[in-house]
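> got a predicted model here, sequence first, then my questions.
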Amino acid sequence: MQMPLPQALLVLVFRSARAGRRPNLTAFCKRFDVTVASLQRGFDQLEQQGLLSFGPEGESLTLQGLAVGAAWSRRFSQRHRPLASCRTQAA
């Protein structure tokens, strides 16, 4: 994983919220080879930073979490997108 775990978690939660879905944490753990304990530590760090809050209905992004999640999501997308001139060669 190129992003630290808390950043990747925030991007996952942000993109899921934007799509109106719940984040698939099982697929996330399998894809990045993350244990449940490290996933919990990542959520705890996000909560301590004030980017994510937990309630009876589940996790929710704070206003600051929305802004940071949008910025990290944009940065992550730009980093992994091939140049327009290379897309035909990459396909």
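Received it, and whenever you're ready, just let me know what you need. In this text the structure is predicted, and so the values were computed from the model without any measurement.
> please make it C-alpha for all contacts and neighbour counts, starting now.
Noted.
> any regions of this structure where pLDDT drops low?
Residue ranges of the chain with pLDDT under 70: 1, 78-91.
> the helices in it, which residues?
5-19, 25-32, 36-48, 63-79, 87-90 (DSSP state H).
> put together JSON lines for those, with mean neighbour count and distance to residue 55 on each row.
Formatted as JSON lines, the helices of the chain follow (neighbours: other C-alpha atoms under 10 Å; distance: least, C-alpha to C-alpha, whole Å):
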{"stretch": "helix 5-19", "mean neighbour count": "19", "distance to residue 55": "15"}
{"stretch": "helix 25-32", "mean neighbour count": "12", "distance to residue 55": "17"}
{"stretch": "helix 36-48", "mean neighbour count": "15", "distance to residue 55": "11"}
{"stretch": "helix 63-79", "mean neighbour count": "15", "distance to residue 55": "15"}
{"stretch": "helix 87-90", "mean neighbour count": "9", "distance to residue 55": "43"}
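> residue 56 is nearest to which of these?
Residue 56 lies closest to helix 36-48 among the helices of the chain, at 14.9 Å (C-alpha to C-alpha).
> can you tell me how far the spatially most central residue of the chain is from residue 52?
Geometric centre of the chain, nearest residue: residue 11, 2.1 Å, by C-alpha atoms, centre = their mean. Distance, residue 11 to residue 52, using C-alpha to C-alpha, to the nearest Å: 11 Å.
> again with residue 17
Distance, residue 17 to residue 52, using C-alpha to C-alpha: 12 Å.
> same thing with residue 72?
From residue 72 across to residue 52, the span is 14 Å (C-alpha to C-alpha).
> what does stretch 50-63 contact?
Stretch 50-63 is contacted by residues 13-14, 43, 46-47, 64-66, 68 when judged by C-alpha atoms under 8 Å, 6 or more residues apart in numbering.
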